[in-house]
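A.B. asks: Quick one: sequence plus predicted model below, questions after.
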Amino acid sequence: LLLKELHEIHAPDILSVMLELKGLYIKLGQVLSVTVLPIPEQYRALFRTLQSDVPGWETFDDVIKPVLEREFGRPLDQVFEFVDPVPCGAASIGQAHRAKLKSTSNDDSDGHDDDRDVIIKVQYPDAAWQVPADIQCVGDFLKICVWAG
């Protein structure tokens, strides 16, 4: 009973730390939520939220828009009619935004609208270095565990 109570108290804290650390730690929580390993249900239940409810972390104007403009090589308003600044989804290394592409031609003779609704997936700027660094840290930790027996 005491162990179950401790798990109930600390599972939200562990989830919070995983969300704060992002990247590999969110992915680890996702895996632990479905693994056959004996993970206490208090953790497994909270980690399941990482399958679909990861919050978007980066602000649109300060981070996401500059990343997209750098990737496209031009201002967003030249590519899209609209980009929703509120993420429609997020994952361990990025987030997604709804957008509408600008029409590519003025010729509408076929009766079809060239504008298309799309989803833009944006990798967090730190993911390129953070994921390999996290993997290295986990590997070093496992080496210490093996060494310590």
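C.D. replies: Sure, I can see it. Residues are numbered from 1 along each chain as shown.
A.B. asks: part of a helix, is residue 82?
C.D. replies: No - using DSSP: H, G, I helix; E, B strand; the rest coil, the secondary structure at residue 82 is strand, not a helix.
A.B. asks: can you list the residues that contact stretch 122-141?
C.D. replies: The contact list for stretch 122-141 (CB atoms under 8 Å, 6 or more residues apart in numbering) reads 21-25, 57-58, 63-64, 67-68, 93-97. For glycine as for every other residue, the C-beta is placed from the backbone atoms N, C-alpha and C.
A.B. asks: hmm, try it at 7 Å
C.D. replies: Around stretch 122-141, the neighbours that count as contacts under CB atoms under 7 Å, 6 or more residues apart in numbering are 23, 24, 57, 58, 63, 64, 67, 68, 93, 94, 95, 97.
A.B. asks: For these, which two are the farthest from each other?
C.D. replies: 24 and 68 (24.2 Å; CB to CB).
A.B. asks: Which members of the contacts of stretch 122-141 are classed as buried?
C.D. replies: Neighbour counting over those (16 or more other CB atoms under 10 Å) leaves 23, 24, 57, 58, 63, 64, 68, 93, 94, 95, 97 as the buried ones.
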